[in-house]
Every structure is written in C-alpha cells, then in structure tokens.
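1. Sequence plus predicted model, see below.
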Amino acid sequence: MLGGCTEFDYPADRTLRESGISAGTADSYTVREGDTLYQIAFAVGLDFRDIARWNGIEPPYVIYPGQSLRLRPPQGQARRTATPAPVERPDPSRWQWPLEGRIVRDYNPGSPGKRGIGIAAEPGSQVLAAAGGEVVYSGDGLPGYGNLVIIKHNARYLTAYGYNQALLVEEGMSVGQGDAIARVGASDTRAGELHFELRQRGEPVNPTDYLP
C-alpha cells in the first residue's frame, strides 16, 4: 500500500513539509482492494477530509480499486479548508483508557516511527474503545501495526489500537465508550502490549494529554 513511501509510519522530517505534508509522501496512491480512505489517510498522517477534498470525494467517502488518489493539494489549494465540516458527533466530553496497564513506551513527538504510547497488559486482555464512534478500519494491512483497529469519533478525532492478538469488531460498526474491540497481542519486544494512538485532524497527539 502507498507505493512511494518507504514506511507506513509518520514522516520523519517534519521541517520539510509543504502545506503540512511530508516531503516523503508520494504524490498519489492507487487504491487496492479492501482499502478505505481512513486507512490511507492514517498511513500517511493526513486528514481524511483533505484527501477527499483534493479528489472530489463526497461523504460517505467511497473509493474503488484502481482509483488514483492525489495525496497533495492541487496548486493554489491549501491543506486545510475554511468550509465548515459536515455536522458530526461533538468532541468526546471525556476519554477512557483502552485498558489498565503500565506505560512502557512514552509518546515521542520527534520519533520517526509510530507516534503513540505502549501499554503493557496480559496477552488476551480486552482492549476497550477510548470513546464512542465508528470503526473505520479493522485489519492487518498496515505493516508495523499488526492487527489494528481505527475508530473515528467525529470529524476531528481518531484513535488507533495496534499489536492485537484478535479483532472483535468490523468496519462500519458503531461502538460505545468502553466496548471491547480487540484482545491484546504482542509487540516486537514485549509479550503483551497495546499500541495506542490519538490523532487530531490527522496529526498524532500525546494520548496522555487527553486520558484521565
């Protein structure tokens, strides 16, 4: 997926961004069977609405195998739009930890790789939705994340849950805060670890700034 990018992880060189886009991001991407717009946007660290706007895609953001998607704005068009977003859920009034456990990997804003936190837990433990929303990705198609669930909470926020042993939800499902969505699997260095990310308009933020 996303040919032209050496990794699915976030861009390493933020100083070279143009209009908020990594210089390492490919100009375009050809959609493959099973891809979703949310998955593609997540992989390159962009807001799904920006990609939709640049490609004239309207809600519910349906894409098709073989379709070529622009991953950079057309000339003269900024990354962000001043047009109000469609009416969606309000921001979560509070967030919930996806599981109880010790943070074994801190958020690092300068990391060239995945930007989230690692939470230790017993393998097979339930992973819970940090807030209510819609499951927009459930699968293992993004290298480095293992079995991954992405939940869209509203037009602003997404959360992602990686390294899972098993997935308990499917794309398109609605979940409530605290619903079981997966079971803890293993990272490369730990027998039981959840990788947890929170993104605001496509950009990773420190989850511990939001969690109680």
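-> Nice, thanks for sending it over. Residues are numbered from 1 along each chain as shown.

2. Each with direction, which strands does the lengthiest strand in the chain pair with?
-> Of all the elements of type strand in the chain, the one with the most residues (DSSP state E) is strand 157-167. Strands adjacent to strand 157-167 in the sheet, as given by DSSP bridges, are strand 147-152 (antiparallel), strand 180-184 (antiparallel), strand 193-200 (antiparallel).

3. What are the buried residues along the longest one?
-> When burial is assessed from 16 or more other Cβ atoms under 10 Å, strand 193-200 yields the following buried residues: 193-199. (Glycine included, C-beta is placed from N, CA and C.)

4. Does the residue minimising distance to the centre of the chain belong to a helix, a strand or coil?
-> Nearest residue to the geometric centre of the chain (Cα atoms, centre = their mean): residue 42, 4.1 Å. Here residue 42 takes the helix state, with states given by DSSP: H, G, I helix; E, B strand; the rest coil.

5. Quick check: it touching residue 141?
-> No - between residue 42 and residue 141 there is no contact under Cβ atoms under 8 Å: 10.6 Å.

6. Show the subsequent helix or strand relative to the longest strand of the chain.
-> Helices and strands here follow DSSP states H and E; after strand 157-167, the next one along the chain is strand 174-175.

7. Give the other helices and strands that that next one contacts.
-> strand 133-139 (3 or more Cβ pairs under 8 Å, 6 or more residues apart in numbering; DSSP states H and E).

8. and the strand it packs on with strand 180-184, angle?
-> When axes from the mean of the first three to the mean of the last three Cα atoms, to 10 degrees is applied, the directions of strand 133-139 and strand 180-184 differ by 40 degrees.

9. For strand 133-139, give the mean pLDDT please.
-> Over the span of strand 133-139, the pLDDT mean works out to 96.

10. Would you list the strands that that strand pairs with, along with their directions?
-> Here strand 133-139 is paired, per DSSP bridges, with strand 147-152 (antiparallel), strand 174-175 (antiparallel).

11. still on that earlier bit, nearest to residue 99, out of the strands paired with strand 157-167?
-> Minimum separation from residue 99 across the strands paired with strand 157-167 (Cβ to Cβ) falls at strand 193-200, 6.1 Å.

12. CA atoms only for that closest one, dumped as PDB, please.
-> The C-alpha coordinates for strand 193-200 follow below in PDB (Å, rounded to 0.1, in the frame of the first residue of the first chain):
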ATOM      1  CA  GLU A 193       1.500  -4.700  24.700                       C
ATOM      2  CA  LEU A 194      -1.100  -2.400  23.200                       C
ATOM      3  CA  HIS A 195       0.000   0.300  20.800                       C
ATOM      4  CA  PHE A 196      -2.400   3.300  21.300                       C
ATOM      5  CA  GLU A 197      -2.600   6.500  19.200                       C
ATOM      6  CA  LEU A 198      -4.800   9.500  19.200                       C
ATOM      7  CA  ARG A 199      -5.000  11.800  16.200                       C
ATOM      8  CA  GLN A 200      -6.500  15.200  15.800                       C
END
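
13. Might you calculate how far that strand sits from the centre of the chain?
-> Chain-centre distance of strand 193-200: 8 Å, with Cα atoms, centre = their mean, to the nearest Å.

14. Just the helices from the protein, written as ranges.
-> In the chain, the helices defined using DSSP state H lie at 37-44, 48-54.

15. hmm, back to that, could I get the buried residues of strand 193-200 as a markdown table with pLDDT and distance to residue 167?
-> As requested, these are arranged in a markdown table below (pLDDT from 0 to 100; distance: Cβ to Cβ, whole Å):
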| residue | pLDDT | distance to residue 167 |
| --- | --- | --- |
| 193 | 97 | 16 |
| 194 | 98 | 13 |
| 195 | 97 | 14 |
| 196 | 98 | 15 |
| 197 | 97 | 16 |
| 198 | 98 | 19 |
| 199 | 96 | 19 |
